[in-house]
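S.K.: Below is the structure, and that's it, no one-letter string:
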RNA sequence: GGCAGGAUAGCUCAGCUGGUUAGAGCGGCGGCUUCAUAAGCCGUAGGUCGCCGGUUCAAGUCCGGCUCCUGCUACCA
């Protein structure tokens, strides 16, 4: 019986590139969508860019362009990356679309009708420089409980306590550094408590949620009155202005999931279908894939909106864990934060699809990317076992094609065909790891068969030509079954297998009937092996910190060594990326020479450097200006530099900056560095400069 | 702090409602083979199932306590 299935992946935020972490989800979803299509079901796989919110607005502002320009760029980038990894979206939309506004407006009206919208005044932090209200995450300060510095406005990572942003001590805006002001803001809330019984019922009894998710919700939200959900944001905000509340915008998380429906709407309009046939049809199974970080949005707020809006509730919400690399969180400075683009510069997309599939289960566990394992799985499973079946048999039958009748094979083909439902069940349950395991067992059996029959021996005896053809017919048929079973994961490999055997691997039932009498194309390699070096190269941080002159402490005070300078000179200057940098940080307003001369820049020697344990970004540097007392300076370069390697280096400092009292001590100056965010480059003078010299 | 999840061979993990000598793949070691992208096949060695206690004829599997790890904790997208 054919099913109708609407599949979604969470919408990627249009504030950054697609990376290996995103791809866990998109590959997981795409495999599911392709599997269902292969089984003959009607599938719509939909996704879109999530485009609204403060973060987008601020970033666009910094880059000197409109949010619309920014999200248009990101849409192109995202879709290019997804295409390269084989995502089979039926439609890819944007939350900043007329369709999304229309659907959101409809749901909003229903909320109003049901008296579920209430208005309240809330005191919010306001950045007087950026002229914008600040989300909690855009305010940092000292934790009101334990006093830890550099904590965000919602909770302290040090002591774990949570608090309102207004209680932060010495708060400042992440954007401007300004001290936020408290300003009253009238906000709109969606009341969830009236939906408590519906949510309790749906989360606990519908079967849509994984067990641990249902437990989490029961223990964390449903055991007490549900708080009203603050869904509006005051201007300025990049998003949809709320139709019946001028000057107020829907919070990004209100309209983001609605983007699933909007994308469906656009697709339906394009293809002449009815939206209601998908979103208001009880026969249609809606399946959402998402990461555990956004669980409650999709299991509380979202079903509430769907319920009130009269849309179909998800049949299933499939939640996955995060990607880790080598057991650790992805990290830009360690080089393990790998974008889709960077991956593709080194490796093949299908390798990753298989690797993830071979590790994914239906649980919420994190998935750990391990270099050795990646190389091993691709080379030994895919090349050594699966593809090898074709390479060791196809050439023998290039001239003859497959036997006209399927030969006796000791039941191998039938056994593999009988695995069909077990493998399908594993795919259906999103237990791809199990599916891959079962398929690899089939490949093992096929390789044993080859070993036993020794086609290479048969080839030597002309009288055994028929035996040779029969053996290869069996092996290639087993290979074909495997290619069909793997098609959801490896569509390109399946297409090549289809071309080799003259039969597309595009229907699940193909595993039931052997191919006979068909031609076999000239054999070409179906997949290349992974070289471990390339995986290493991918995880090696970009040469973002070019070789810098580093001096042993004693020699430094005198003259830098020639070698040190040579290495600096050997780094070719390049203008590549300059435009991009200029875009990120547009030129500041013009100043006079007098303005400039107020800033006293000096060459300084790093005498000592150490990480500040409690600070995420800071190193404590002790700087010498040749004579006089050393300066104690806190520099936000922890992510880019190891303290030990800085000792003995010459840097440039602002020597007449007013000392600033920080949580960890007094900072008596500022070290000059280029770059923003994660990328920081210290500046160093050329050969001969001495600590204390002023820059002119 | 609260909540959720996890801890099983060197690594990644299976072990359902408790029941014979705890499994798979990879990796290791030994051998065979040469058709194949140094691929394949056979054999073999590795675990007192995180710790303590309890229930039971019987516990990796159930109960209690403890230790460690991960995540979430409502304006982080």
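M.R.: Received, thanks. Note that this is a predicted model, so its numbers are computed, not measured.

S.K.: Can you pull up the residues of the stretch 501-650 of chain A that come close to RNA strand B?
M.R.: Contact residues (C-beta under 7 Å from any atom of the strand) of the stretch 501-650 of chain A with RNA strand B: A:525-529. C-betas here are computed from N, CA, C, even on glycine.

S.K.: Please disregard the earlier target; I meant the stretch 201-350 of chain A.
M.R.: A:211-212, A:215-216, A:219-221, A:224, A:226-227, A:229-230, A:252-253, A:256, A:292-296, A:300, A:322, A:327, A:329.

S.K.: Okay, the residue lying farthest from the centre of chain A and residue A:22: tell me how far apart.
M.R.: Distance from the C-alpha centroid of chain A, by C-alpha atoms, centre = their mean, peaks at residue A:463 (58.4 Å). Distance, residue A:463 to residue A:22, by C-beta to C-beta, to the nearest Å: 58 Å.

S.K.: Could you do residue A:393 as well?
M.R.: Counting by C-beta to C-beta, the gap from residue A:393 to residue A:22 is 38 Å.

S.K.: same thing with residue A:310?
M.R.: 31 Å.

S.K.: Then residue A:483?
M.R.: Taking C-beta to C-beta, one finds residue A:483 at 27 Å from residue A:22.

S.K.: can you check residue A:186 too?
M.R.: Distance, residue A:186 to residue A:22, using C-beta to C-beta: 36 Å.

S.K.: rewinding a little: now list the buried members of the residues of the stretch 201-350 of chain A next to RNA strand B.
M.R.: A:216, A:221, A:226, A:229-230, A:252-253, A:256, A:292, A:294-295, A:300, A:322 (16 or more other C-beta atoms under 10 Å).

S.K.: Export those to JSON lines and append columns for secondary structure, distance to residue A:515 and pLDDT.
M.R.: As requested, those are exported to JSON lines (DSSP: H, G, I helix; E, B strand; the rest coil; distance: C-beta to C-beta, whole Å; pLDDT from 0 to 100):
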{"residue": "A:216", "secondary structure": "helix", "distance to residue A:515": "49", "pLDDT": "82"}
{"residue": "A:221", "secondary structure": "coil", "distance to residue A:515": "54", "pLDDT": "83"}
{"residue": "A:226", "secondary structure": "coil", "distance to residue A:515": "58", "pLDDT": "87"}
{"residue": "A:229", "secondary structure": "strand", "distance to residue A:515": "57", "pLDDT": "90"}
{"residue": "A:230", "secondary structure": "strand", "distance to residue A:515": "60", "pLDDT": "89"}
{"residue": "A:252", "secondary structure": "helix", "distance to residue A:515": "52", "pLDDT": "90"}
{"residue": "A:253", "secondary structure": "helix", "distance to residue A:515": "51", "pLDDT": "91"}
{"residue": "A:256", "secondary structure": "coil", "distance to residue A:515": "47", "pLDDT": "94"}
{"residue": "A:292", "secondary structure": "helix", "distance to residue A:515": "43", "pLDDT": "86"}
{"residue": "A:294", "secondary structure": "helix", "distance to residue A:515": "45", "pLDDT": "88"}
{"residue": "A:295", "secondary structure": "helix", "distance to residue A:515": "46", "pLDDT": "87"}
{"residue": "A:300", "secondary structure": "helix", "distance to residue A:515": "51", "pLDDT": "91"}
{"residue": "A:322", "secondary structure": "coil", "distance to residue A:515": "42", "pLDDT": "86"}
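
S.K.: Going by distance to residue A:75, which of those wins?
M.R.: Checking these against residue A:75 with C-beta to C-beta, the nearest one is residue A:256 at 14.9 Å.

S.K.: Now do the same contact list for the residue lying closest to the closest one once chain neighbours are set aside.
M.R.: Spatially, and ignoring its direct neighbours in sequence, residue A:256 is nearest to residue A:50 (4.7 Å; C-beta to C-beta, 6 or more residues apart in numbering). Applying C-beta atoms under 8 Å, 6 or more residues apart in numbering to residue A:50 gives the contacts A:11-14, A:95, A:252, A:256, A:259.
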